[in-house]
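Q: coordinates for the following, if possible.
(one chain, ligands or ions: 1)
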Amino acid sequence: MPQRPLSVRSRRMVTAVKAANGTGLPIDLRGKKAFIAGVADDMGFGWAIAKCLAEAGAEISLGVWVPALNIFETSLRRGKFDENRMLSNGQLMEFAHVYPMDAVFDTLEDVPKDVLENKRYAGNEGWTVSEVAEKAAKDSGKVDIVVHSLANGPEVQKPLLETSRRGYLAAMSASSYSFVSMMQRFGPFMNEGGAAITLTYVAADRVIPGYGGGMSSAKAALESDTKVLAYEAGRKYGVRVNTISAGPLGSRAAKAIGFIDDMIRYSYENSPVQKELHAAEIGAVAAFLTSPLASAVTGQTIYVDNGLSIMGLAGDSKTLDRHA
Ligand SMILES: NC(=O)c1ccc[n+]([C@@H]2O[C@H](COP(=O)([O-])OP(=O)(O)OC[C@H]3O[C@@H](n4cnc5c(N)ncnc54)[C@H](O)[C@@H]3O)[C@@H](O)[C@H]2O)c1
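A: Below you'll find the predicted structure:
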């Protein structure tokens, strides 16, 4: 499969966001504050979204999974992400605040003793969803943009027929309820006209063998919750809620599933737009969806997948060979 260097293409995408500022139809997020949960390196969708929102002028704060915080902060400090932090104005993307966060716990009372005493959590405090929301509001005032770019399914490699109740519920807790919790806790601290987005996957409503452990169920719940929360948070806080259904990306989380390289190849061979998908393309759509340009878009699942989801036939199927 032909490969283009990611950094060049990423730069072109974010430049597209930047170029809009000041000319024509702008994606202008200057003066907006964004909180992005689910960034632990510079390879995933959360980072790419942070970068596009920063290009458009937003102030970025992060919620980083507690066990990943130390390595993230060390890498950041040592300049490991600097190449990918570079904005088109020549400055490095800065983070106003980086908070430890574990999105499977809503309040301190919910945290079991073994987690509190776990050495990966020791030394950090205030990382449950409600505590992070309160800290963010105290530090930054109201936020305009909330991004949920996280998921976890401990049994993702098991077919649903072999998934335990515990594994299924853990996938739902980390990957779906975590967003409900974030909207409950961040909603009161969001400015009217604000927007929230999550990341979903086509396995929510099409069967993708290999995406197991209840993760397909969790994404289906996330898409349904996007609609209900769009209604409830729209009425209560005046904010919009959308989800981006992204095509395959070789992020850290996706590599843990085990078949991401095959999915990327499959997508390349069978999508209407035949090219590799880049995280910055999801970032650009996130910037649009969270901007006033999308002021009438809410409750939607937006596919950003080179069009793969519209296909009903795999063009590279061996079954079709006899017609070649
Ligand atoms: N990579 C893909 O092919 C793909 C496709 C469609 C959708 N998505 C979705 O995109 C989102 C981001 O994933 P990604 O692929 O960019 O991988 P990623 O590894 O960059 O992001 C996942 C993040 O979730 C964090 N996380 C896990 N459990 C957490 C918890 N309990 N509390 C707080 N943070 C937690 C991890 O630390 C990590 O930073 C996920 O919702 C994923 O399902 C990914």
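Q: could you use CA atoms for every contact and neighbour count after this?
A: OK.
Q: close to the ligand: what parts of the stretch 101-250 of the chain are there?
A: Residues of the stretch 101-250 of the chain lying close to the ligand (Cα under 6 Å from any ligand atom) are 101-104, 149-152, 174, 199-201, 245-250.
Q: is residue 121 in contact with residue 66, as I believe?
A: Yes: Residue 121 is within contact range of residue 66, at 6.2 Å (criterion: Cα atoms under 8 Å).
Q: ok so, going back, of the residues of the stretch 101-250 of the chain next to the ligand, which belong to strands?
A: Using DSSP state E, the members of those that fall in strands are 101, 199-200, 245-246.
Q: of the residues you listed, select the buried ones using a PyMOL command.
A: To isolate in PyMOL the members of these that are buried, counting by 16 or more other Cα atoms under 10 Å, one can use:
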select buried, resi 101+199+200+245+246
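Q: in TSV: the ones in strands among the residues of the stretch 101-250 of the chain next to the ligand, plus pLDDT and distance to residue 304.
A: Listed next are those as TSV, based on pLDDT from 0 to 100; distance: Cα to Cα, whole Å:
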residue	pLDDT	distance to residue 304
101	98	27
199	98	10
200	98	10
245	99	6
246	98	5
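Q: Throw the ones in strands among the residues of the stretch 101-250 of the chain next to the ligand into a markdown table and include distance to residue 300, thanks.
A: Below are those laid out as a markdown table (distance: Cα to Cα, whole Å):
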| residue | distance to residue 300 |
| --- | --- |
| 101 | 27 |
| 199 | 12 |
| 200 | 11 |
| 245 | 10 |
| 246 | 13 |
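Q: which of the ones in strands among the residues of the stretch 101-250 of the chain next to the ligand sits closest to residue 70?
A: residue 101 (12.1 Å; Cα to Cα).
Q: got the contact list for the residue lying closest to that closest one once chain neighbours are set aside?
A: Using Cα to Cα, 6 or more residues apart in numbering and skipping residues adjacent in sequence, the residue nearest residue 101 is residue 127, 4.2 Å away. Listed by Cα atoms under 8 Å, 6 or more residues apart in numbering, the contact set of residue 127 reads 66, 99-102.
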